[in-house]
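> What follows is a protein structure lacking sequence information:
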Ligand SMILES: Nc1ncnc2c1ncn2[C@@H]1O[C@H](COP(=O)(O)OP(=O)(O)OP(=O)(O)O)[C@@H](O)[C@H]1O
């Protein structure tokens, strides 16, 4: 019999995770015919440990029930594994970038229906130092600010919580000197933020990297530099309209590998969580995981 592991964070989804997990279990067992194991996280990194054991025990499917934090920890269990189970995603967080990028419904009941779909997408992941990411890495003074956006603010304001904190930080005007090496050359200079996106949805803004698709084998780099009050606002509008890469103070490139370093101490944010300090090295891992997506979903 095929084996599925459900990895669920009971603290996500406004305490509704337990109710949804029963529905996930029923759907997998009764409609798709899986032997199902439910693993409940109690602390940070539990989801990674559970996913490692699912790989080692050759499970066919792992379903992440929680927010982007739980998903990020789950996919990190796939690092350097020979057997990688298929992935299902039930988004219960406030932003849910990965689900947005894959057109997985943000309504949990509808997302659960998706688990009966026979459509799979081969999705890129990327390595950053000794971990994996599925969505986005940000580096620079602004990245640290984004890590401090509270769950309450995200619930209340959605993607605008990031925008609000971002504008506040940019008006403070701190920009570290970054050295960014990519397939096409090296950029060097002061920048309040550098973003490497794998998918089009970043911090809930589905327009930030409209050219990034989950399976294009590329990292999409945005270096934002020389921001002051006026162009902070115009960059904000560019972000909302999906043409950030054309803004005069934004350098855009695609690459399979990127190295970012600085002589100053600079923090990063990886998939919405605090990440390693610079230097960082990123490498794309094309088609690294097969994700269950709705039958009718578009390929972008
Ligand atoms: N039982 C638990 N209680 C509290 N925190 C947990 C528990 N299990 C896991 N965690 C931690 O909670 C963090 C956030 O989880 P997750 O992203 O799933 O939910 P969320 O906060 O509702 O979503 P979002 O980040 O989108 O607001 C995870 O990174 C994980 O380390």
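Cool, got the structure. This structure is a prediction, so every number in the text was calculated from the model and none was measured.

> where do the helices sit along this structure?
Along the chain, counting by DSSP state H, helices occupy 17-26, 46-56, 68-76, 97-101, 108-114, 141-147, 151-157, 159-172, 229-241.

> What lies in contact with the fourth one?
Spelled out, it's helix 97-101. With C-beta atoms under 8 Å, 6 or more residues apart in numbering as the test, helix 97-101 has contacts from 68, 71, 89, 91, 104-106, 111, 134-136, 199-204, 206, 214, 271-272. In this view, the C-beta of every residue, glycine as well, is placed from N, C-alpha and C.

> Which of those fall in strands?
Per DSSP state E, strands hold the following members of these: 89, 91, 136.

> how about low-confidence regions in the stretch 101-250 of the chain?
Counting by pLDDT under 70, the ranges of the stretch 101-250 of the chain that qualify are 142-173, 227-242.

> Not counting sequence-adjacent ones, nearest residue to residue 91?
Spatially, and ignoring its direct neighbours in sequence, residue 91 is nearest to residue 99 (3.9 Å; C-beta to C-beta, 6 or more residues apart in numbering).

> With residue 265 instead?
Nearest non-adjacent residue to residue 265, counting by C-beta to C-beta, 6+ apart: residue 277, 6.1 Å away.

> ok, that neighbour - how many residues close by?
Using other C-beta atoms under 10 Å, residue 277 is surrounded by 14 other residues.

> Can you check what pLDDT the model gives it?
Turning to residue 277, the model gives it a pLDDT of 94.

> for it, what are its contacts?
265, 266, 267, 268.

> Just the closest of these to the ligand, please.
Distance to the ligand across these (C-beta to the nearest ligand atom) is lowest for residue 268, with 15.9 Å.

> what's the spacing between that closest one and residue 195?
Distance of residue 268 to residue 195, given as C-beta to C-beta, to the nearest Å: 10 Å.

> One more: residue 184?
The spacing between residue 184 and residue 195, counted by C-beta to C-beta, is 17 Å.

> Any part of stretch 61-70 near the ligand?
Yes. Using C-beta under 6 Å from any ligand atom, stretch 61-70 reaches the ligand at 66, 67, 68, 69, 70.

> Tally up the residues packed near the closest residue to the last one other than its chain neighbours, please.
Right, residue 70. Distances taken as C-beta to C-beta, 6+ apart put residue 9 closest to residue 70, at 4.3 Å, once the chain neighbours are dropped. The number of residues packed near residue 9 is 24, by other C-beta under 10 Å.

> Residue 9 touches residue 65, doesn't it?
Yes. In this structure, residue 9 is within contact of residue 65 by C-beta atoms under 8 Å, at 7.1 Å.

> so what sits against both of those two?
17, 92.

> residues in this structure within reach of the ligand, list them.
The chain comes close to the ligand at residues 9-12, 41-44, 46, 66-70, 73, 93-95, 151, 154, 272, as judged by C-beta under 6 Å from any ligand atom.

> which of these are buried?
Neighbour-count burial (16 or more other C-beta atoms under 10 Å) applied to those gives 9, 11-12, 41, 46, 66-70, 73, 93-95, 154, 272.

> Could you pick out the longest strand of this protein?
Assignment by DSSP E gives strand 280-292 as the longest strand of the chain.

> Would you mind checking the average pLDDT for it?
For strand 280-292, mean pLDDT is 97.

> centre of the chain versus it, how much separation?
Strand 280-292 sits 11 Å away from the centroid of its parent chain (C-alpha atoms, centre = their mean, to the nearest Å).

> what's the angle from that strand to helix 68-76?
Relative orientation of strand 280-292 and helix 68-76, computed by axes from the mean of the first three to the mean of the last three C-alpha atoms, to 10 degrees: 90 degrees.
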